[in-house]
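Asks: I would like to see how this sequence folds:
(chains A and B)
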Number of protein chains: 2
Amino acid sequence: MHYNKINKLLEKIFTKYGLSIQHSKICSKALINAELVGAYGHGLSRMKMYCDRIKKRVINPKPKIKIKKISQSISHIDANDSIGFVAADIAIKTLIKNTKKTGIGMVGVKNSGHYGLSSYFVEQAVKKNLMVWCFTNAPAAIAPYGAKKALFGTNPICFGTPSGGKVPFILDTSVSMINRGKIRVAAKLGHKIPLGVALDENGKPTTDPIKALKGVQLPIAGFRGSGLAWMVDILSGVMTGANHGGKVRDPFDDFKGPQNVGHLFMAVKPNIFIGSNYIKRIKENIRIIKKLPKIKGVKEINFPGEGTKKRYKKNMKKNIPIPKSIMEDLRKLNAF
Amino acid sequence: MHYNKINKLLEKIFTKYGLSIQHSKICSKALINAELVGAYGHGLSRMKMYCDRIKKRVINPKPKIKIKKISQSISHIDANDSIGFVAADIAIKTLIKNTKKTGIGMVGVKNSGHYGLSSYFVEQAVKKNLMVWCFTNAPAAIAPYGAKKALFGTNPICFGTPSGGKVPFILDTSVSMINRGKIRVAAKLGHKIPLGVALDENGKPTTDPIKALKGVQLPIAGFRGSGLAWMVDILSGVMTGANHGGKVRDPFDDFKGPQNVGHLFMAVKPNIFIGSNYIKRIKENIRIIKKLPKIKGVKEINFPGEGTKKRYKKNMKKNIPIPKSIMEDLRKLNAF
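Replies: Take a look at the predicted model:
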């Protein structure tokens, strides 16, 4: 289906479920973006979950979002259990305003939910010529180093900066060997997952996505990845007043209450130290690295975000493929 | 030798080589700290290198360090090719001042050199009840993802926060599978390095530290670690005006000029959003994680920085073991 057509369908579904037109547009656009960049685990496969949560009022369709100004640079947002996309959209816009004013900005968010791809929100601020970090916690998926029980979420670290070219530099990396969304899609489609990225509930390596979802995902690089996941839980959960320490609810399985996910957004003007030389220097940096001799089989060294943007452009020209089971979900949601 | 005695010896050597008494004290303390936490690659094994660089004037023993105030929160430091410890010491003190004033602070440093352990400087700000990040670049050691030539340094990411207890939470992780200092110590002592952490100059895995130093270190988690290393190069090098893109000189091998390492320090008051609840919540977070069921053979789950502090306390009570070759270096330096 053409992405414009899907976009209209998603907007219609969200408004049926009680979101305002403006909020429906924000959510649909973010989901379509996930499909276009090929992050299917953050796209249409989540529509049913979002609608189920709205129906059971563990996502608040009409949130009263409060933005508290802490200083010229810093704001604190209580998202009032809104759908994550809406909270993140307000947060990034507040961050841009604060940072434009003082050169450096920070926005903490509590009582939010899953917002999909960090890179989608970070890109908005990078397009305003800012350098941006974004951290969010997520339901328990990764075992802390030394533990045999999952506690940290896949807790992504996202960093973006203007690159001096059309495509921004955006690193968006979970600290898990595999993205939880990818395991869910594999489970939904009956595919296997690679060996060495997850353990089953008995602590044994598995390629079965259903067993992996009940077990534990492995952090990157042992204590290093575990430490980074812990940092993200502190930044987005402990500091903002959101859930932390494994208490963020799994949006698919746990309908007992809102998720209370936390996010932390930070930004700085990248030219703060050296003015317009920043753009010259980052261009030079990227040029040098892209010119390095490549290992066998590698045609081009991509900077973070470059591959994503190529996929996006390619997919824009094609229809979005929708698996049967997901199409069926959408049809039912639309008939609600 | 007792650490107090070594400290006096190092101070004496540094002043002999032309550093002021104050700067000699700063450097000696940082090197002793590295020995006490067991980070031998950042300790006495580097003394000869520092002194050689001062002698050849690629480290400036009498730097005129300029601190430029960009805003209430942000400062830019030109370290004038000082030894890295001195630049980092001034940077962290400036960061503390800025952050105490506005709640959020940033300090960029250019024309600096290797400063040893990020955690040592971060701890100073954490002790003042701040949450701190620190990034620094380093000589080429890691190949970007897809390249077969080293370009990024081991580019550590360091994050610290008050933990509510006596021992601060300090994550100090390079994005390399192995610390370059550890390879150097192994080379000096004739030990092997683990398989899978480095390649020789022909791209083959090696356990020989001398071959590894000529070859390439492997980043953690493929494109994820490579992307994080790239981020650190942008933050500490591109943005501050320091060397970047593989141009930071190797302090051991390249005496053609100063290193021009760059650092970026950032901090925020951790109680900015939720007041004194922050300390309650971080204590709870740590308590929950430490209580998790452990994998076989693990007695305790340590938070980042906890193991380091235990080693530090244990080593404080003992003499610092000095390998023969390093003792010989110190003897010669002291006879200068």
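Asks: spell out which residues of the stretch 1-150 of chain A are next to chain B.
Replies: Those residues of the stretch 1-150 of chain A that sit near chain B, judged by C-beta under 8 Å from any C-beta of the partner chain, are A:70-71, A:73-74, A:76, A:102-104, A:106, A:108, A:110, A:131, A:143-149. Glycine gets a C-beta too; all of them are placed from N, C-alpha and C.
Asks: buried subset of those residues?
Replies: Buried subset of the residues of the stretch 1-150 of chain A next to chain B (neighbour count, 16 or more other C-beta atoms under 10 Å in any protein chain shown): A:70, A:73-74, A:76, A:102-104, A:106, A:108, A:110, A:131, A:143-149.
Asks: show me the strands in the stretch 151-300 of chain A, by range?
Replies: Read by DSSP state E, counting those that start in this stretch, the stretch 151-300 of chain A holds these strands, from start to end of the chain: A:157-161, A:169-173, A:198-199, A:216-217, A:261-268.
Asks: comparing those strands, which comes out most buried?
Replies: Per-stretch averages of neighbours, counted by mean count of other C-beta atoms under 10 Å in any protein chain shown, single out strand A:261-268 among the strands of the stretch 151-300 of chain A, with a mean of 28.
Asks: elements contacting that one?
Replies: Judged by 3 or more C-beta pairs under 8 Å, 6 or more residues apart in numbering or on different chains; DSSP states H and E, strand A:261-268 is in contact with helix A:84-102, strand A:104-112, helix A:118-126, strand A:131-136.
Asks: in CSV, list those along with mean pLDDT.
Replies: Formatted as CSV, the entries for those read as follows, by pLDDT from 0 to 100:
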stretch, mean pLDDT
helix A:84-102, 98
strand A:104-112, 98
helix A:118-126, 98
strand A:131-136, 98
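Asks: out of these, which comes closest to residue A:40?
Replies: Of all these, helix A:118-126 sits nearest to residue A:40, with 14.3 Å by C-beta to C-beta.
Asks: what angle sits between the closest one and strand A:131-136?
Replies: With axes from the mean of the first three to the mean of the last three C-alpha atoms, to 10 degrees applied, the angle from helix A:118-126 to strand A:131-136 works out at 150 degrees.
Asks: got the CA positions of helix A:118-126 in PDB?
Replies: Output of helix A:118-126 as PDB, limited to C-alpha atoms (Å, rounded to 0.1, in the frame of the first residue of the first chain):
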ATOM      1  CA  SER A 118      14.700   8.000  18.900                       C
ATOM      2  CA  SER A 119      16.300   9.000  15.600                       C
ATOM      3  CA  TYR A 120      12.900  10.300  14.200                       C
ATOM      4  CA  PHE A 121      12.700  12.900  17.000                       C
ATOM      5  CA  VAL A 122      16.400  13.700  17.100                       C
ATOM      6  CA  GLU A 123      16.400  14.400  13.400                       C
ATOM      7  CA  GLN A 124      13.900  17.200  14.000                       C
ATOM      8  CA  ALA A 125      16.300  19.100  16.200                       C
ATOM      9  CA  VAL A 126      19.300  18.300  14.000                       C
END
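Asks: list of residues touching that helix?
Replies: Taking contacts as C-beta atoms under 8 Å, 6 or more residues apart in numbering or on different chains, the residues outside helix A:118-126 that touch it are A:30, A:33-34, A:37, A:88-89, A:91-93, A:95-96, A:99, A:115, A:132-134, A:136, A:156, A:158-162, A:168-170, A:172, A:265, A:267, A:305, A:308.
Asks: contacts only, for the closest residue to residue A:157 other than its chain neighbours.
Replies: With C-beta to C-beta, 6 or more residues apart in numbering or on different chains as the criterion, residue A:157 has its nearest non-adjacent residue at 5.9 Å, and that residue is residue A:173. With contacts taken as C-beta under 8 Å, 6+ apart, residue A:173 has the following neighbours: A:156-158, A:304, B:223-224, B:227-228.
Asks: please determine how far residue A:241 is located from residue B:283.
Replies: Residue A:241 sits at a distance of 15 Å from residue B:283 (criterion: C-beta to C-beta, to the nearest Å).
Asks: looking at the two, which is more packed in?
Replies: Residue environment comparison for residue A:241 versus residue B:283 gives the larger neighbour count to residue A:241, 21 against 15, counting by other C-beta atoms under 10 Å in any protein chain shown.
Asks: ok, the closest residue to the more buried one other than its chain neighbours - contacts?
Replies: For residue A:241, the nearest residue in space outside its immediate sequence neighbours is residue A:110; the separation is 4.2 Å by C-beta to C-beta, 6+ apart. Shown here is residue A:110, whose contacts under the criterion C-beta under 8 Å, 6+ apart are A:76-79, A:240-242, A:260, A:262, B:273.
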